[in-house]
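Student: Sequence first, then the predicted structure:
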Amino acid sequence: MTLSDFSIKNPVFAWMLMLGLIVFGGIGFRNMGISQMPDVDSPVVNVNVSLEGAAPEVMETQVADLIEGALMGIQGIKEVSSKSSRGSSRITIEFEIGRDIDVAMQEVQAKISQVQRELPKDIDPPTITKTNPEDQPIIRVALTGDRPLKDLMAFTNDFLKDKFTTIAGVGDIDMGGFVDPALRIWLNIDELNAKQLTVNDVISTVQNQHAETPAGYIDTGKKELNVRVMGEASTPEDFSRLIITGRGGSAIWKTYRIKDVAQVEDGLNDIRRVSHVGGKLSVGLGIIKQRGSNAVGVAKAVRAKVAELQASLPKDMQLTIANDSTRFIEESTSELNFTLVLSALLTGVVCWIFLGSWSSTFNVLLSIPTSIIGAFLILYFMGFTLNTFTLLGLSLAIGIVVDDAIMVMENIVRYNEQGMSRVKAAIVGAREITFPAMASSVAILAIFVPVIFMQGVIGRYFFQFGVTMTAAVLLSLLEALTLSPMRCSQFVDSSRTTSFGLWMDEAFKKTAVLYRNVLERLLRHRWKTLGVSVLIFTASLFIAFKLQREFSPAQDQSQFMVSLQTPIGSSFGYTAETVAKAEKWAMGQPNIKNYFGMVGGGGVNGAMMFITMPPKADRVPLKPGGKKPASRISCSIPARRLNRWRGLTAFPSGTRRSQVSAPAAASL
């Protein structure tokens, strides 16, 4: 007994199978995450190392070179590069495509642990991260207010951060412009000289007296008491009253306190990074979603939380959405969902035009939700998200999944028109068409299955596309061999009684006659026909080589990012002043809706601005004769310097390169 026979004789089972695929596929659709692109880990690992106050040359020779030398022994490395600046080094390791990035991270960590003793003593522990576009903030929230910056920092760290961390789907918070609180000691050099004290004496006092050390316990026989020495000062006033107990390691017989030689201030750490919103200092919170979670749902929850918190904030504080990248994701996903529905409707109209029967059209249309919605169940268990590639595959599959159903139904209708009953025609027609339907599906799978095994970064993105198409085609074959014969045996009508159906029959007959005449003429000139075909194919190859190539098509997302860089060696204050001028210009532009800027985002002399524009339909048109805005901002390099840099653009596999950000090292 074949699958079709079993379904025809057990229609309740077939209906429940179709209903189960639709219901559970719909549940999978509702629980799937939404993102713009698939969650793909790039084969790149970054190692960030910090040593406060170290020169770029020191970071290069004593840190970056040692780590690079240790990492070169790891298997599968394609390239190692580093960039050293004052106080920090960033080593980037690119692996071969196909290398398990999680295993690679463990090997990198093991190699760094081996050279840990050779690194400078005061260096911070290296931070190892992997590159993934999904690890970027999807929405940025900014806190501004008419309060000292220290109060904004404390309020954000102690209150706001926890409010957003507890939102479902939030993986991490990027504190843009946040500066850690610090107790600052402003020394008076005259008082130090008068009392014959040095800076090291004050530092030793802080290290020895501002510390809480373990004190053990007291055993009284019947009871045991823990002992705690309250050695840390709780307020700046208590801190200023700490006694300086030594002068150059020797005892002092006169009481000197820190307040006698210095002023203690409850302030912030060195400000090397600030954020601006609307020209005001702010503290930014970049919301990073969890892997596979719904980006649109997380953003909606964040916007709701912002509205909720704003009502409870002090009157002199404002919490706003500074940048939201999920608006475009939500709009594009909604557009693709609409395209899915529209494709199904247009497919139904085309089927009705050519089939000429409402019952036949309805039978074919039922194969679309069974295959498409049922595919969501497979995508859900595969851990995929609703993104551009999966929805693109489903939109393309709509026109394919109906082929097997039409093939089976047409063969069944042919036997029904010959006088067989519906059940008999369904059994005979389905048995006869089973192998051709399988051959047709295998031919389609031969196109899309190889996409799953594509190599490279593009192959990782198209993996979800290939799996989506394969799942939809296999479900359409299952539907055609089980559900379509069952439905044909129950309600499909083979007669075309409408005037439009009769007109389509006549049109098909005339088209068949015309096709026969054209085919006979072509067969009389076989070599000419083959020659023209070869010429067209050859011309298409030349055209294909001239087509422009890009990773993804250009998209107007109504937002862009600007990276600003002041000359090497510029101070943080000079960079902030320069960025303020750029922000002032941006605020005066009619087509800029909002912006969020971070000074220090690319080092002391770097800044980044996230600019949001109104939708294209709401933008102010340029004046006639006005210059069009540039699509990118670039710097001009003299040709003689550019030629010297061209030799550094290609690196063989397994090599390493480095860059030192310092005036002497950066000169060409």
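Tutor: Ah, there it is. Bear in mind the structure is a predicted one, so any value in this text is a computation, not a measurement.

Student: After the helix or strand hosting Phe500, which helix or strand is next? Please name it.
Tutor: Per DSSP states H and E, Phe500 falls inside helix 499-524. Per DSSP H and E, helix 499-524 leads on to helix 526-546 as the next helix or strand towards the C-terminus.

Student: what residues does that following helix touch?
Tutor: For helix 526-546, contacts defined as C-beta atoms under 8 Å, 6 or more residues apart in numbering pick out Leu522. To be clear about C-beta, it is placed using only N, CA and C from the backbone, and glycine gets the same treatment.

Student: Spit out the contact partners of Pro369.
Tutor: Pro369 sits next to 22, 344 when contact means C-beta under 8 Å, 6+ apart.

Student: Thr578: neighbour count?
Tutor: Residues lying near Thr578 (other C-beta atoms under 10 Å) number 18.

Student: Kindly report the same for the one 4 residues further on.
Tutor: Taking other C-beta under 10 Å as the neighbour definition, Ala582 ends up with a count of 15.

Student: can you tell me which residues contact it?
Tutor: So Ala582 contacts 562, 564, 607, 609 (C-beta under 8 Å, 6+ apart).

Student: and the residues you listed as CSV, adding distance to Leu183, neighbour count and secondary structure?
Tutor: Shown next, in CSV, are the contacts of Ala582 (distance: C-beta to C-beta, whole Å; neighbours: other C-beta atoms under 10 Å; DSSP: H, G, I helix; E, B strand; the rest coil):
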residue, distance to Leu183, neighbour count, secondary structure
Val562, 37, 16, strand
Leu564, 33, 18, strand
Ala607, 29, 27, strand
Met609, 33, 22, strand
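
Student: Identify the farthest-apart pair in those residues.
Tutor: By the measure C-beta to C-beta, Val562 and Ala607 form the most distant pair in the contacts of Ala582, at 8.5 Å.

Student: you'd agree Glu479 is in a helix?
Tutor: Yes. Counting by DSSP: H, G, I helix; E, B strand; the rest coil, Glu479 is found in a helix.

Student: That one against Val402, yeah?
Tutor: No. Glu479 is beyond contact range of Val402, at 9.7 Å (criterion: C-beta atoms under 8 Å).

Student: intersection of neighbour lists for the two?
Tutor: Ser367.

Student: Return the closest of the contacts of Ala582 with respect to Met230.
Tutor: Ala607 (44.2 Å).

Student: Which of the residues in the helix holding Phe500 are classified as buried?
Tutor: By neighbour count with 16 or more other C-beta atoms under 10 Å, helix 499-524 contains the buried residues 501, 504.

Student: What helix or strand is the residue of the chain most remote from its centre located in?
Tutor: Relative to the C-alpha centroid of the chain, counting by C-alpha atoms, centre = their mean, Trp253 is the outermost residue, at 64.1 Å. Taking DSSP H and E as the criterion, Trp253 maps to strand 250-257.

Student: Are there helices or strands packed against that strand, and which ones?
Tutor: strand 243-247 (3 or more C-beta pairs under 8 Å, 6 or more residues apart in numbering; DSSP states H and E).

Student: tilt between the strand it packs on and strand 250-257?
Tutor: The directions of strand 243-247 and strand 250-257 differ by 150 degrees, with axes from the mean of the first three to the mean of the last three C-alpha atoms, to 10 degrees as the criterion.

Student: Any buried residues in strand 243-247, and which?
Tutor: 244, 247.

Student: can you list contacts of that strand?
Tutor: Applying C-beta under 8 Å, 6+ apart, the contact partners of strand 243-247 are 196-198, 201-202, 204-205, 208-209, 251-252, 255-258, 261.

Student: Can you go through those and name the buried ones?
Tutor: Of the contacts of strand 243-247, these count as buried by 16+ other C-beta under 10 Å: 197, 201-202, 204-205, 209, 252, 256, 258, 261.

Student: and which of those residues is nearest to Ala233?
Tutor: Comparing the buried ones among the contacts of strand 243-247 against Ala233 with C-beta to C-beta places Gln209 closest, at 8.3 Å.

Student: Let me see the contact set for that closest one.
Tutor: With contact set as C-beta under 8 Å, 6+ apart, Gln209 has these partners: 231, 242-243, 245.

Student: can you rerun that using 6 Å?
Tutor: For Gln209, the contact set (C-beta atoms under 6 Å, 6 or more residues apart in numbering) comprises Leu242.

Student: Would you check how far apart it and Ser371 are?
Tutor: In this structure, Gln209 and Ser371 are 75 Å apart, going by C-beta to C-beta, to the nearest Å.

Student: One more: Val518?
Tutor: Applying C-beta to C-beta to Val518 and Ser371 gives a distance of 35 Å.

Student: go on, Gly531?
Tutor: From Gly531 across to Ser371, the span is 42 Å (C-beta to C-beta).

Student: circling back to that earlier point, going on from the strand holding Trp253, what's the next piece of helix or strand?
Tutor: Immediately after strand 250-257, counting by DSSP H and E, sits helix 258-261.

Student: what does that following helix contact?
Tutor: 188, 191-192, 240, 242.

Student: Could you do stretch 303-320 as well?
Tutor: 141-146.

Student: right, and Ala262 touches Ile189 too?
Tutor: No. With contact defined as C-beta atoms under 6 Å, Ala262 does not reach Ile189; the gap is 10.0 Å.

Student: count of neighbours near Ser395?
Tutor: 18.

Student: what residues are up against it?
Tutor: Taking C-beta under 6 Å, 6+ apart, one finds 339-340, 343 in contact with Ser395.

Student: so what's the backbone phi/psi at the closest residue to Ile8 other than its chain neighbours?
Tutor: The shortest distance from Ile8 to any non-neighbouring residue, by C-beta to C-beta, 6 or more residues apart in numbering, is to Ser489 (5.0 Å). Per-residue torsions, Ser489: phi -70, psi -10 (degrees, to the nearest 10).

Student: can you tell me how far Ser489 sits from Ser4?
Tutor: If you go by C-beta to C-beta, the gap between Ser489 and Ser4 works out to 9 Å.

Student: and if you look at Ile27?
Tutor: Ile27 is 28 Å from Ser4, by C-beta to C-beta.

Student: The two: which has the busier surroundings?
Tutor: Taking neighbours as other C-beta under 10 Å, Ile27 and Ser4 compare with Ser4 leading, 29 against 14.

Student: Please verify my assumption that the more buried one contacts Ala430.
Tutor: Yes. Ser4 is within contact range of Ala430, at 3.5 Å (criterion: C-beta under 6 Å).

Student: hey, what's in contact with both of those two?
Tutor: Shared contacts of Ser4 and Ala430, defined by C-beta under 6 Å, 6+ apart, are found at Pro485.

Student: which residues does Ser558 contact?
Tutor: 613, 615.

Student: per-residue confidence for it?
Tutor: Among the per-residue scores, Ser558 holds a pLDDT of 74.

Student: Just read off the phi/psi values of it.
Tutor: Taking degrees, to the nearest 10 as the convention, Ser558 sits at phi 60, psi 30.

Student: Count the residues that sit near Ile189.
Tutor: So Ile189, with other C-beta under 10 Å, has 10 neighbours.

Student: same question, Gln116
Tutor: For Gln116, the count of nearby residues is 13 (other C-beta under 10 Å).

Student: From Val63, how far off is it?
Tutor: Gln116 is 11 Å from Val63, by C-beta to C-beta.

Student: Please apply the same query to Glu224.
Tutor: Using C-beta to C-beta, Glu224 is found at 48 Å from Val63.

Student: Tell me which of the two has more neighbours.
Tutor: Val63 (26 against 9).

Student: what's near enough to touch that one?
Tutor: If you count contacts by C-beta under 6 Å, 6+ apart, Val63 has them with 49, 89.

Student: switch the cut-off to 10 Å
Tutor: Residues near Val63 by C-beta atoms under 10 Å, 6 or more residues apart in numbering: 47, 49-51, 54, 82, 84, 88-89, 91, 115, 118-120, 123, 126.

Student: what's the answer for Gly231, then?
Tutor: The contact partners of Gly231, by C-beta under 10 Å, 6+ apart, come to 208-213, 215.

Student: give me the low-pLDDT residue ranges for this structure?
Tutor: The model of the chain has pLDDT under 70 over residues 1, 41, 132-134, 493-498, 551-555, 601-604, 616-618, 622-668.
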